[in-house]
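Asker: Here is a sequence together with a model predicted from it:
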Amino acid sequence: MKLPDLTELALRNLRESMLRNSLTTVGISVGVASLVAMLSLGIGLQQLVSRRLVKSGLFDTVVVTSRRDLRFTERDQERPAQTPGESPVLDESVRQEIERLPNVLEAYPDIRFVTELRFDDKPHLTMISGLPSSAKSNDAFEGLQGSFFSSDTAAEAILQKSFAEELLGKTTAPGEAEPNVADLAKPLLGKKLIMRYAQRAAPSTSVPLRPSDASSENSAVATAYSVISSEQKLKIVGIADLDPETLRGPTRAKVFLPLKLAESLHVMQPSDLREISRAASNQPLYSALSVRVKNPAQVQMVEDAIKKMGFTTFSILDATRNLRQVFVVLDMFLGIFGSLALAVASIGIVNTLVMAILERRREIGIMKAIGASDIEVKKLFFAEAGAMGVLGGIVGVILGWAIGQVINLGTNAYLKRQSLPPEHFWAVPWWLVLSAISFAFIVSLVSGLYPAGRAARLDPVQALRYE
Amino acid sequence: MTTSPVIASTRTTAAIRSENLCRHYRMGETLIRAVDGVSLEVRAGEFVALLGSSGSGKSSVLNLIAGLDHPTSGSVIVQDRDLAKLSREELAKYRLHVVGMVFQSFNLIASMTVAENVELPLRFAEVNRSRRESLACEALARVGLRARMNHRPSELSGGEQQRAALARALIMRPQLLLADEPTGNLDSHTGTEIMDLVGEFNQQLGMTVVMVTHERALAERYAQRMLFLADGKLVGDEPNFAVQSGSARGQP
Ligand SMILES: Nc1ncnc2c1ncn2[C@@H]1O[C@H](COP(=O)(O)OP(=O)(O)O)[C@@H](O)[C@H]1O
Ligand SMILES: [Mg+2]
């Protein structure tokens, strides 16, 4: 029999014992609905966490450090001893080399230092870091008040919200509503800051070297290079609403400068002290490089390539690997629950079809007597099982989606009462819809296997003898 | 006994031939010989009645000829096919294309309309919808049931149901019509109408008819030959000259 005929007959047979078949179909729907509900909760939660991580702007970033540094921070026993000469250092040539690796967008030095900022003649000690111009498109700066740096060398600064509070002398008691970023920005934007810092200068000829804007007070330390105390005026152009505690990398600082400017200041870096022997070279050494990768999927590859060059790498992906495993397990558990529900539903299908065979013995006998083959009879029962599966699957997906919608609305209503922003932790992607329906279909076909086989093997003579 | 090629050339008139046909049922310790060594021959275009008392094995013989059942031993050869040697799949094809069956209890499918019942064999033969519809109309017109084609069998009288069953048996244009007590559930007037139709199929369409009945009068009125069964054995083979003269046109 052809498929349209088969489907037509199957649907008509399902209609004939409407109540029983609808109950079976409802059983499948409930199974599919719980499967969909469970999985979309898992997927939604996963997406929520991923969104948070991507928002940090560091999902596609690899931080590169020299193993040399690690030798100082970690215990020697953790790593095979290596003579310092064999371990490469991070300098400009390495940076360029990394930048030339495939899939690397840019590699910029991680410039970060603690120094003093004067505002209204009051000193504030804080962490400062250089920010590449590419950070402008970073989601982390979404809520930025004011503007991003006008250029990569401009004498401008963007302040972290908490630092802005500090400058204005505002403190928030726990439980009190946090001040609005816009309110903080108003009195600060356009104001001047004076940054005082230790500048690392080439040793050679005359000290001090710096022209007018940086006044040198004294030179100190070292045989290989000298350190000068310098000043830099900065204009506040933006206030960023970042939570510095949750972030890593350059965004962890409280004040940001354009990267090129920060580099040109030659601020004394902690690594400089360790590299005294090498410092004779004019090339600055970087304590760390941030490498931006085109696509988070390529992070692993780039990491491997850099590791091969002899450096240590770190990425958020490393940190989230465990997290993703947790989600795989969570999804699996939720999926198993849903599948169990579907398994119960499939027993319903078997039962319904076996009942149908008992009831329709005679009909099967008639069909065989007038020329239906075993396969034809089998197909007919398969079609009935499949139709129930598809119908149940469709209804189930709608049901599951509705359940999710209700939970989402309910939770967001709750979040709203707690004055928290709404979250979308529920996702029913298309692939889930399609695979849930196909899964229901396949489960039904498998459930139909036994009844259909039984119907096909029915002896027509016996079936027709029954009155 | 070798069969096919010889038979094909020399005995083209033999539509059905059985050789020492047996169908035994084992019921615990006892062996029921429903069909016990039946050898018979039905010529193409012949109308044969199979007579015998209840339980004599008439239906069993008919089911073996219909390919619905497998013989315990012996063979049924229908148009040079040894049914015992056909696969289940081939038997289904044989039933679909070569055999039309009608039963005492009509055996229409209750959930389908008359038209759908009649065209069901066409569905198994994968005939397309429009052709199915026209063929079903034609067959129903032949049995005088066109007006009732969209009714369910339960809405029809017994005679009308048997007409529908005849239309269904006719729709694939089989060479063989096997009828198992087709008038058993009908009053004599309606039974006569049905028998007239069967006779028509035999004479006008040239269908070979094997009809099971236990009413000798009916057989004498319509059949060219009467075969008598008792306890699964063939006990008599009588030509019916009254009918033969009028209908056995195929005979020299
Ligand atoms: N499936 C079966 N199991 C056991 N005995 C059967 C079966 N089918 C038929 N019989 C027996 O075979 C004999 C012939 O049956 P049947 O061909 O139906 O007779 P008829 O049609 O002449 O009344 C009967 O005695 C019947 O009880
Ligand atoms: Mg009988």
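Answerer: Everything's here; your move. Ligands and ions are numbered 1, 2, ... in the order given.

Asker: interface residues of the stretch 101-250 of chain B facing chain A?
Answerer: B:101, B:103, B:105, B:107-112, B:120-121, B:123-126, B:168-169, B:172 (CB under 8 Å from any CB of the partner chain). Where you see a C-beta, it was placed from the backbone N, CA and C, and this is true even at glycine.

Asker: Just the buried ones from these?
Answerer: B:101, B:103, B:105, B:107-109, B:111-112, B:120-121, B:123-125, B:168-169, B:172 (16 or more other CB atoms under 10 Å in any protein chain shown).

Asker: how about the strands in the stretch 51-200 of chain A?
Answerer: For the stretch 51-200 of chain A, the strands defined by DSSP state E, counting those that start in this stretch cover A:61-66, A:104-109, A:112-119, A:122-131, A:145-146, A:156-160, A:192-201.

Asker: Kindly report the same for the stretch 1-150 of chain B.
Answerer: B:14-27, B:30-43, B:47-52, B:73-78, B:81-82, B:99-103.

Asker: Let me see the mean pLDDT of the fifth one.
Answerer: Read it as strand B:81-82. For strand B:81-82, the mean per-residue pLDDT is 90.

Asker: That strand pairs with which strands, and in what direction?
Answerer: strand B:73-78 (antiparallel) (DSSP bridges).

Asker: residues in contact with the partner strand?
Answerer: Here strand B:73-78 makes contact (CB atoms under 8 Å, 6 or more residues apart in numbering or on different chains) with B:3, B:7, B:15-22, B:37-39, B:64-65, B:67, B:82-84, B:94, B:98, B:176.

Asker: Show me what counts as buried in that strand.
Answerer: Result for strand B:73-78 [16+ other CB under 10 Å]: buried residues B:74-78.

Asker: for the residue positioned nearest the centre of chain B, helix, strand, or coil?
Answerer: With distances taken as CA atoms, centre = their mean, the residue of chain B nearest its centroid is B:Leu178 (0.3 Å). Of the three states, B:Leu178 takes strand according to DSSP: H, G, I helix; E, B strand; the rest coil.

Asker: sorry, back to before: of the strands of the stretch 51-200 of chain A, which is nearest B:Arg163?
Answerer: Distance to B:Arg163, taken as CB to CB, is lowest for strand A:104-109 among the strands of the stretch 51-200 of chain A, at 83.0 Å.

Asker: strands paired with the closest one, and their directions?
Answerer: In the sheet, strand A:104-109 lines up with strand A:288-293 (antiparallel) (DSSP bridges).

Asker: contacts for the helix or strand following the partner strand?
Answerer: Of the helices and strands lying after strand A:288-293 in sequence (DSSP states H and E), the nearest is helix A:299-308. Contacts with helix A:299-308, where a contact means CB under 8 Å, 6+ apart, come from A:59-60, A:62, A:64, A:98, A:101-104, A:291, A:293, A:313, A:315, A:317.

Asker: need those residues in TSV with neighbour count, can you?
Answerer: Listed next are those as TSV, based on neighbours: other CB atoms under 10 Å in any protein chain shown:
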residue	neighbour count
A:Phe59	18
A:Asp60	22
A:Val62	28
A:Val64	26
A:Ile98	21
A:Leu101	16
A:Pro102	10
A:Asn103	16
A:Val104	18
A:Val291	29
A:Val293	25
A:Thr313	20
A:Ser315	24
A:Leu317	21
